[in-house]
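1. Show me how the following folds:
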Amino acid sequence: MKNDKPFIIVGQGLAGTILAHHFLEVDIPFEIWDSPETHFNSSKAAGGIFNPVTGRKLEQTWLADELFTYLFDFYPRLEKTLNTRFFFPMPLFRPFANEEMKTWLVERKDQIHHNYLRWESDGVWVKKAGWVDVATLLQASRAYFSSIGMLKEAEYTDFQAIFCEGFHGQQNPLWSCLPFLPAKGELMEVRSKEPPQDYILNKNGFLLPLGEQKFKVGATYAWKEYTNKITSEALVELTDKLGLMGCSQFELIEQKTGIRPATQDRRPIIGFHPTKQSGIFNGFGSKGVSLAPYFAKQWTSEILGNTSVHSEASIRRFYHLFSV
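-> Residues are numbered from 1 along each chain as shown. So this is what the prediction gives:
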């Protein structure tokens with residue numbers, strides 16, 4: 001669906017920003033409409049970790065080879081465009097949870113092992129991991145799009161648009177039938193001399209070094225309410241996670257919260273409405289930094305009449321819901 005007029009990208013979170021950069025690369029005209037006063041941006045509170053290994057069984061994440069090959073190409077290119085550093089490849093270590101789990105995994109090592117794992121006696125190192133400083137990426141992109149006249153700070157409600165609204169999408173009448181399953185998450189930034197600063201620790205949570213003895217600690221999951229207010233319960237949970245990762249002495253710098261735009265089948269929702277001139281680029285959950293670049297490229301290609309979006313991510317899998 002190629003539009004004669006510029007596409008209106010609604011929302012300048014991670015999804016909208018990355019989609020806009022892909023449109024710019026292939027000269028698809030667009031404007032970004034963003035309303036931070038009415039639609040708070042959860043991307044700024046994201047952990048930003050990319051990790052090709054998922055779950056207790058150490059499986060490759062969905063489409064790992066395709067996603068991670070592309071993100072290691074895309075983000076460095078974008079850093080050059082924005083003249084800003086925000087992409088930080090970094091080793092990630094997953095210690096065995098306990099002796100029982102270690103035995104179970106080691107016994108199945110031949111079936112589990114893949115190119116992203118390096119086994120040690122006390123855990124596994126994960127290759128091709130790291131993190132994106134999402135807040136810096138968004139800030140630099142906002143300044144860049146403003147400088148070329150493609151950003152408007154306003155709320156856009158016309159239907160001829162591409163909606164990249166994150167969890168707010170479930171409140172949009174165009175998309176209310178879609179199976180969103182948002183999850184509120186909180187994390188904290190701390191200062192400590194105790195943890196190592198040269199790798200990400202993943203142990204019932206994550207401990208992400210930011211440099212200068214500062215770390216991100218995350219994250220919680222909650223489904224009761226979707227405000228941007230931090231909670232004392234989450235602070236206790238995060239402090240406990242930090243203690244289990246071997247850090248008891250720390251200074252709390254900041255506690256942050258955001259709403260993950262997840263879906264019931266844990267797959268993105270990408271494409272155009274079956275009857276309206278509007279599109280959606282949403283549903284990336286906690287894996288936005290790894291999923292969004294690849295699918296922005298795929299959808300851009302589809303809009304130009306070339307390849308199609310992967311069937312498990314295409315909105316076409318939900319077209320039947322629009323007639324209910």
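2. tally of neighbours for the residue nearest to Ala64 when sequence neighbours are not counted?
-> The shortest distance from Ala64 to any residue that is not its chain neighbour, by CB to CB, 6 or more residues apart in numbering, is 4.3 Å, and that residue is Pro52. Quick note: C-beta positions are derived from backbone N, CA and C, even for glycine. Close neighbours of Pro52, defined as other CB atoms under 10 Å, add up to 24.
3. Tell me the pLDDT of Pro52.
-> What the model reports for Pro52 is a pLDDT of 98.
4. With Gly169 instead?
-> The confidence metric pLDDT takes the value 93 at Gly169.
5. With the one 10 residues further on instead?
-> Per-residue confidence at Pro179 stands at 97 (pLDDT).
6. ok, now which ones touch it?
-> Residues counted as contacts of Pro179 (CB atoms under 8 Å, 6 or more residues apart in numbering) are 263-265, 318, 321.
7. now swap in Gln213 and tell me
-> With contacts defined as CB under 8 Å, 6+ apart, Gln213 is in contact with 191-193, 197.
8. Tell me if I'm right that the residue nearest to Ala64 and Lys128 touch.
-> Yes. Between Pro52 and Lys128 there is a contact under CB atoms under 8 Å: 5.2 Å.
9. Find residues that contact each of the two.
-> By CB under 8 Å, 6+ apart, Pro52 and Lys128 have these common neighbours: 68, 116.
10. what about the residue lying closest to Phe30 once chain neighbours are set aside, distance to Gly305?
-> Excluding the flanking residues, the one nearest Phe30 by CB to CB, 6+ apart is Phe7, at 4.4 Å. Distance of Phe7 to Gly305, given as CB to CB, to the nearest Å: 15 Å.
11. Looking at these two, which is more packed in?
-> Applying other CB under 10 Å to Phe7 and Gly305 shows that Phe7 carries more neighbours, namely 21 against 8.
12. Next up, the contacts around that one.
-> When contacts are counted by CB under 8 Å, 6+ apart, Phe7 touches 23, 28-31, 161-162, 279.
13. for stretch 114-134, how far is the first residue from the last?
-> Between the start and the finish of stretch 114-134 there is a gap of 29 Å, counting by CA to CA, to the nearest Å.
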